[in-house]
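Colleague: need a structure here:
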Amino acid sequence: MTHSHRLANRALAVGAVMAPTMRFLNFMFEHESRPGLANFAVGNPQEMPLADYVSALERAVPPRNKEWYAYKVSEAQSQETVSASLRAWRGVDFAPEDILMTNGAVSALYVALWTLSEPGDEVIFNLPPWFFYEAQITASGAQPVKVRVHPETFDLDLNAIEAALTPRTRAIIINSPNNPTGRIYPPETLRALGDLLSDASARHGQPIYLISDEAYSRIVFDGREYPSPTSYYPYSLLVYTYGKTLLTPGQRLGFIALPPTMPERETLRQTLMTAQVVTGFSFPNALLQHALRELDSLSIDIGKLQARRDRMVSALREMGYEVHSPEGTFYLFPRAPIEDDWAFADVLLRHNILCLPGTVTEMPGYFRLSITANDEMVEQALPGFERAMNEAVRQGAR
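Modeller: Model (predicted):
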């Protein structure tokens, strides 16, 4: 078999994994321009961006020197900004040189997977997941291993994770707060997970790395503290994107941070940087790095987001929907009143509401709603949710 055939096979494998996501994207693109549509499908802004965000970019535009818009890697000022922010927020002494600036979390995750795994290795992730994990693992050449969370609590199923650990396990991805469930994994769960990974690493004679996807770690509700998985296990990589907290997903800015507990992080740091170069020069652009000192302290209004969560959870429950109250993120994850979540997405669309069917996140029978929708859109959509529920009841809801 030639090298080109191997590449083609990998592309076909990734394409097969992405089929449900591509079906959803085509569905969304077909309908998102419909007049009056309440679009809850993805975490896109439904209001103008933060004025301070725009001002920060404007102040960073005028060049200070001839290299202002030259090729950029992880700039020292960016690394210092992130490490100082993490020290203040987490109380952990992240070193500036252990911060690798990336094009958001997507490239950070791929760089981490490309660095840590090779063909034949296994990477565990939990269901329901962010819907690109499996494709990224497959694209890196590793084998995805899926472990479903507890169906009632959405907490990690430690017994199932332990059963999934093999001598080929190279990494596990933990996403907390979780997209789509909004679950924040508690310290006792993370501590037990760290113990499992330590025991398995010792047993198999090589470290199992924990990739902590913390995209929503600054979007937490009800005054909760956020426990980072990286605090409970030394072989951890922290992955973050500013696109969620700033609600600017089209401006790709994020990082990989290596905690001071990571053994041999000097070697890992250099290998990760090499991966950033060879996987597409996956460093953030010059302008975003110049503005980062100001951007790091900005955030959308979490209190307003929490109030919108409360409004929608209360209203949907009164209509008969089964929906938990998320602890973080900007998503709701109700059960569909009929078994076929795609069919219920069509019902909602008839009432001018666009959602993400749960099958896309490997959770059939659910649907995801992004509460980045503005308050006017929410109020406009609530009667449609009620009509959709009534329609499902008439059809024989479960």
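Colleague: going along the chain, name the strands of the stretch 51-200 of the chain.
Modeller: Assigned by DSSP state E, counting those that start in this stretch, the strands in the stretch 51-200 of the chain fall at 99-102, 122-127, 143-148, 169-175.
Colleague: contact partners of the first one?
Modeller: The set of residues that contact strand 99-102 without belonging to it, under C-beta atoms under 8 Å, 6 or more residues apart in numbering, is 73-75, 78-79, 82-83, 108, 111, 253-258, 269, 272-273, 276, 282-284, 289. Any C-beta I mention is one placed from the backbone N, CA and C, and that applies to glycine too.
Colleague: who are the packing partners of the strand or helix carrying residue 379?
Modeller: Counting by DSSP states H and E, the element that carries residue 379 is helix 375-394. Applying 3 or more C-beta pairs under 8 Å, 6 or more residues apart in numbering; DSSP states H and E, we find helix 375-394 packed against strand 38-39, helix 302-319, helix 341-350, strand 353-354.
Colleague: list just the one of those that sits closest to residue 87.
Modeller: Closest to residue 87 of the helices and strands packed on helix 375-394 is helix 302-319 (C-beta to C-beta; 21.4 Å).
Colleague: and the end-to-end length of stretch 247-260?
Modeller: 29 Å (C-alpha to C-alpha, to the nearest Å).
Colleague: quick one: distance of it to the chain centre.
Modeller: 11 Å (C-alpha atoms, centre = their mean, to the nearest Å).
Colleague: before we move on, the earlier item: what mean pLDDT does the helix holding residue 379 get?
Modeller: What helix 375-394 shows for mean pLDDT is 95.
Colleague: can you list contacts of that helix?
Modeller: With C-beta under 8 Å, 6+ apart as the test, helix 375-394 has contacts from 36, 38-40, 46, 308, 311-312, 315-316, 319-321, 336-338, 344, 347-348, 350-353, 371, 373, 397.
Colleague: tell me which residues in that helix are buried?
Modeller: By neighbour count on 16 or more other C-beta atoms under 10 Å, the buried set for helix 375-394 is 377-378, 380-382, 384-389, 391-392.
Colleague: next: stretch 325-339.
Modeller: Residues 326-338 are the ones in stretch 325-339 that count as buried (16+ other C-beta under 10 Å).
Colleague: just the CA atoms of it, as CSV, please.
Modeller: In CSV, the C-alpha atoms belonging to stretch 325-339 read as follows (Å, rounded to 0.1, in the frame of the first residue of the first chain):
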residue,chain,number,x,y,z
SER,A,325,-29.6,23.2,35.3
PRO,A,326,-26.0,23.3,34.0
GLU,A,327,-23.2,24.3,36.4
GLY,A,328,-21.2,26.0,33.6
THR,A,329,-20.8,26.5,29.8
PHE,A,330,-23.5,28.3,27.8
TYR,A,331,-25.6,25.3,26.9
LEU,A,332,-28.8,23.5,28.0
PHE,A,333,-29.2,19.8,27.2
PRO,A,334,-32.8,18.8,27.5
ARG,A,335,-34.3,15.4,26.7
ALA,A,336,-36.4,15.4,23.5
PRO,A,337,-40.0,14.4,24.2
ILE,A,338,-39.8,11.9,21.4
GLU,A,339,-37.1,9.2,20.9
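Colleague: so the spatially most central residue of the chain versus residue 168, what's the distance?
Modeller: In the chain, the residue lying closest to the centroid (C-alpha atoms, centre = their mean) is residue 215, at 5.1 Å. Distance check for residue 215 against residue 168: by C-beta to C-beta, to the nearest Å, it reads 27 Å.
Colleague: swap in residue 24?
Modeller: The value you get for residue 24 to residue 168, if C-beta to C-beta is used, is 31 Å.
Colleague: equivalent analysis for residue 22, please.
Modeller: Relative to residue 168, and taking C-beta to C-beta, residue 22 is found at 29 Å.
Colleague: before we move on, what about residue 301?
Modeller: From residue 301 across to residue 168, the span is 45 Å (C-beta to C-beta).
Colleague: and the two? which has more neighbours close in?
Modeller: Remark: of residue 301 and residue 168, residue 168 carries more neighbours, 15 against 11, as counted by other C-beta atoms under 10 Å.
Colleague: hang on, that one packs against residue 142?
Modeller: No. Under the criterion of C-beta atoms under 8 Å, residue 168 makes no contact with residue 142, lying 9.0 Å away.
Colleague: between the two, what contacts are shared?
Modeller: In contact with both residue 168 and residue 142: 120-122, using C-beta under 8 Å, 6+ apart.
Colleague: what's residue 14 in contact with, if anything?
Modeller: Contact analysis of residue 14 by C-beta under 8 Å, 6+ apart lists 135, 138-139.
Colleague: of the residues you listed, which is the most crowded?
Modeller: Most neighbours among the contacts of residue 14, by other C-beta under 10 Å: residue 138, with 21 neighbours.
Colleague: residue 132 is in contact with that one, correct?
Modeller: No. Contact criterion C-beta under 8 Å: residue 138 and residue 132 do not qualify, at 10.3 Å.
Colleague: picking up where we left off before, most neighbours, which of the shared contacts of residue 168 and residue 142?
Modeller: residue 122 (20 neighbours).
Colleague: ok, what's across the strand from that residue?
Modeller: Judged by DSSP bridges, the bridge partners of residue 122 are residue 143, residue 169.
Colleague: isn't it up against residue 145?
Modeller: Yes. Contact criterion C-beta under 8 Å: residue 122 and residue 145 qualify, at 4.9 Å.
Colleague: what is in contact with the two at once?
Modeller: With C-beta under 8 Å, 6+ apart, residue 122 and residue 145 have common neighbours residue 169.
Colleague: where does residue 398 land on pLDDT?
Modeller: You'll see residue 398 listed with a pLDDT of 68.
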